[in-house]
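S.K.: generate coordinates for the sequence data below:
(3 chains)
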Amino acid sequence: MNDAILEVRDLTVRFGTKRGVAHVVNGISYTINRGETLAIVGESGSGKSVGVLALMGLLPQPPALVTGSVRYHGRELLDLPPREWRSIRGKGMAMIFQDPMASLNPVRTIGYQLIEPMEHHLRLKGKAAQNRATDLLDLVGIPSPKERLKNYPHQMSGGMRQRVMIAMGLACDPDVLVADEATTALDVTTQAQIVELVGRLQEKIGMAVIWITHDLGVVAGIADRVHVMYGGRFMEQASVDNLFATPRHPYTRALLGSIPKPGKERPAKLMTIAGMPPDPVLMPAGCPFAPRCAHADGARCDDTIPQMESLGGTHGAACHYPLEAKS
Amino acid sequence: MRAFLIKRIFQMLLALIGVSIVVFALMHLVPGDPVRVALGTRFDQDLYDSLRADLGLDRPLAQQYVSWLGGALTGDLGVSFRNGQPVTQLILERLPATITLAMAALFIALLVALPAGIISAVRSGTGLDYAVSAASQIGISLPDFWAGVMYILLFSLTLGWFPSSGYTQIGDGIGEWIRHIILPAMTVGLISGSIITRFVRSAVLEALNQHYVITARAKGLSEWQVVRRHVLPNAWIPIVTVVGLQLGFLLGGVVVVEVIFAWPGLGRLALTAVKDRDFTVLQGSVLYIAFMFLVINLLVDVIYARLDPRVRVS
Amino acid sequence: MNEKPTSRTRETLQILLANRLAVVGLCVLALLVVVGVIGEAVAPYGINDIDIANRLTGPSGAHWFGTDELGRDVFTRVLVAARVSLQVGFIAVGFALAVGVPVGLVAGYYRGTIDAVLMRIMDVLFSFPAILLAIAILAVLGPGIGNAMIAIGLVYTPIFARITRGSVLVVSEEVYIRAARSLGARDGRIILRHILPNVLAPIIVQTTLSLAFAILSEAALSFLGLGVQPPNPAWGRMLAEGRNFFQQAPWMGIFPGVAILVTVVAFNFVGDGLRDALDPKQKSVIESRGQSV
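M.R.: All right, here's what the predicted structure looks like:
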């Protein structure tokens, strides 16, 4: 485990709301190694975004309450004084977001925003910073990068802006890049380009990527390992091949059933999951998916939270009645 | 950018013509014959007729309007009914007092509003935020004339720190100038400051809720760096608008404070003209103030466009 | 469609009543209205009871707010003056609403030339500092309370026209308005039945806030001798009269000023509370914050 860059243990995030305590992330654990891509998949409201925001120290506390452990190169982040955490954020761990328009400052130039983390962490200034910024834009595939530095975000297309965001994330050579729904706001062609770009950069730079998405199609193209999240918990974890080939959790199965597969014959009916994701203020006492699960037994599933159990190798599922492996 | 400017200047000219028509029409609706009132007990039919002819009051209204507007454009606003002085000269005499008071008041307003508004937004929901909100709420509701009288009671009559009224020019000594301007400037400045504080707070709060703030935090910037480098540059845009509006108001709308502090500014000129039925002076000063108001609004739009690259570069 | 407005009103009221400052403001306003209606009946003295022997006496058990230069009871006069302040405020803002809202509805609904003409006229009115415009109008109409109401009303008209027009422009784009239009409903009916109810929220908020400033304007005009005429008491006038006796009898000016301040603060509290409760933009911020959790 020498290669482990980030170890997350039992990460929990709660929010105090007017209606009561919202249990948004309920003890998730994972490890990510150098150069690896981990995808966390879930519907909106599953807690996947909040989980990574907590990891980056970007949740204001209060109202959030973050507990558990996040070790970065063996160093505990959650106990770190804000100042020291800031010296890691944007340098060792970088993050890119869903909406590149909203995530870029409209009144600052691309150059300003790109150079900012270099100035801040690397004390890189003037010509040197300019050159590095130009190289980065070139690296992410932006034509005539030097001229682009003077542009404002509104002068670029959505795909270009997301490339700028990625360049910003890479500014200080991070070893972990967190991408939170980084392709959701883009059209399909651009999505594919961005996924391809991140994959290529990752090989080149050797950084680890945590890819947060609701889109299993994106996961197939990029991830090594996948964690399926629901109700603030991991439901299933597996290598990407195993997950798609032999999903063992009813929720994963349902999720896979809800995307049409190209090439294959269209299923008679696209599967949809009945019901709503659980309300984080009123989390079920048992399995969070039980109220919507076709296989729930009405007793144990409602009373006892299933723990993540290994089903052989790195494949695990948190289910009292994991499905049989079939292809 | 250029198209935007041309459009705005055109709009301003249109508004200016409208303003001049309103001002002209208002003054010619004034009840009572202004010449008769001006002559008072010295009434003499020949003098009355010749004065009316001098002022062009015997001509049709449209003709009067055109010649008045033509004069106004060349800086000739006629002469005062009361003392025969050129109205333009009267206005220019009053201008320094009005402008210095407006500037001093705006200075005090910004001195209070910028820190208060920014801090209460950054620390929103805390006791400090509530204190600032409560203070600005009271400031907005404060009648300026009452506040002015209270300051005189406290700082002038009781403590004896500042004179209760009067105006000195900067050239006659900066110390005396400050002593005289501080109470009237404080009276309007704190009220303007309260209004600006609320706008600063909401503008900063709005910018703080944007996604690019999270991006900036994710770069590892400290909270104050985020505010300084990313939040404020966005918040300035709405703030400039309200500051410009306040400046326009300060340059023409502080009639009551000028009365209280015997401040020889434009507002008091207009008010005296109302009481004296000196309609050329009233016409001239109202037109001039409205003109300044419009010019400042135009300037605000220009600055606004300069600050916002989405308007500037397109 | 029938149920929606009532549940929305109830929701608004709930949010408003949860806002402590707005509740304080509402209580003060209720008290003011009561005072305005029955003030003269419950006042300890007559408004013009002259008592030269007790002139310029300070606050005491007999005269809570002291007496003025003619020995009149300041408390009585402050109490009675509440009525005229509220009257001027409500009538002036009523005037501004009656003119500004239809202008905004027509301009926003029909757009084009009529919109341009109407809004340019409003721009002209907006090009004067408020108090100066009111003074100029009073110079024409002559001083007095009725004319002050018209002057203040005219000053606040363009605000209502602008706010109404802005909301109408947004609402007109909604599918149900376009549907009603394409189904051939009459314009008047669409405006009154479909558009007006949906643009009321910002108008209500602006009404409350304008009431505060209308009352301030009336006080300023009365202070300058252009509003309420003697011997009737008005807060602004009392302040102007008190100024001459300020050193001997500060209470003559302090209490009317406090009365103005309290009234205006109360309206502002309610206005702010209403904005929080009604403004859909603010509301959506709160909602989206709840969801991202």
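
S.K.: poorly predicted segments of chain C, please.
M.R.: Confidence mapping of chain C against pLDDT under 70 gives the ranges C:1-7, C:279-293.

S.K.: kindly report the same for the stretch 51-200 of chain B.
M.R.: For the stretch 51-200 of chain B, no stretch is flagged by pLDDT under 70.

S.K.: and the stretch 1-150 of chain C, which residues reach chain B?
M.R.: C:120-121, C:123-125, C:127-132, C:135-140, C:142 (CB under 8 Å from any CB of the partner chain). Placement of C-beta: from N, CA and C, glycine included.

S.K.: buried among these? Make that a ChimeraX selection.
M.R.: Listed next is the ChimeraX selection for buried residues among the residues of the stretch 1-150 of chain C next to chain B, using 16 or more other CB atoms under 10 Å in any protein chain shown:
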select /C:121,123,124,125,127,128,129,130,131,132,135,136,137,138,139,140
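
S.K.: which ones among the residues of the stretch 1-150 of chain C next to chain B map onto helices?
M.R.: Counting by DSSP state H, these place C:120-121, C:123-125, C:130-132, C:135-140 in helices.

S.K.: now, which of the residues you listed sits nearest chain A?
M.R.: Ranked by distance to chain A (CB to the nearest CB), these are led by residue C:123 at 28.2 Å.

S.K.: report the contact partners of that closest one.
M.R.: Residues near residue C:123 by CB atoms under 8 Å, 6 or more residues apart in numbering or on different chains: B:11, B:15, B:18, C:158.

S.K.: contact residues of the stretch 51-200 of chain A facing chain B?
M.R.: The stretch 51-200 of chain A comes close to chain B at residues A:56, A:58, A:83, A:86-91, A:94-95, A:97, A:99, A:102-108, A:113, A:116-117, A:120-121, A:152, A:154-155, A:165, A:168, as judged by CB under 8 Å from any CB.

S.K.: okay, and which of the residues you listed map to strands?
M.R.: Secondary structure assignment (DSSP state E) places A:94, A:95 from those within strands.

S.K.: which of the residues of the stretch 51-200 of chain A next to chain B are buried?
M.R.: Among those, those classed as buried by neighbour count (16+ other CB under 10 Å) are A:56, A:58, A:86, A:88-91, A:94-95, A:97, A:99, A:102-108, A:113, A:116-117, A:120-121, A:152, A:155, A:165, A:168.

S.K.: those also near chain C: which ones?
M.R.: By CB under 8 Å from any CB, no member of these lies near chain C.

S.K.: just the closest of the ones in helices among the residues of the stretch 1-150 of chain C next to chain B to residue A:15, please.
M.R.: Nearest to residue A:15 among those: residue C:130, at 45.3 Å, using CB to CB.

S.K.: residue 31: neighbouring residues, count only.
M.R.: Picking chain A for this. 16 (other CB atoms under 10 Å in any protein chain shown).

S.K.: sorry, should have said chain C
M.R.: Neighbour tally, residue C:31, other CB under 10 Å: 13.

S.K.: what of residue B:1?
M.R.: Residue B:1 has 12 neighbours, counted by other CB under 10 Å.

S.K.: neighbours around residue C:187, how many?
M.R.: Residue C:187, neighbours per other CB under 10 Å, totals 12.

S.K.: might you report the residue contacts of it?
M.R.: With contact set as CB under 8 Å, 6+ apart, residue C:187 has these partners: residue C:109.
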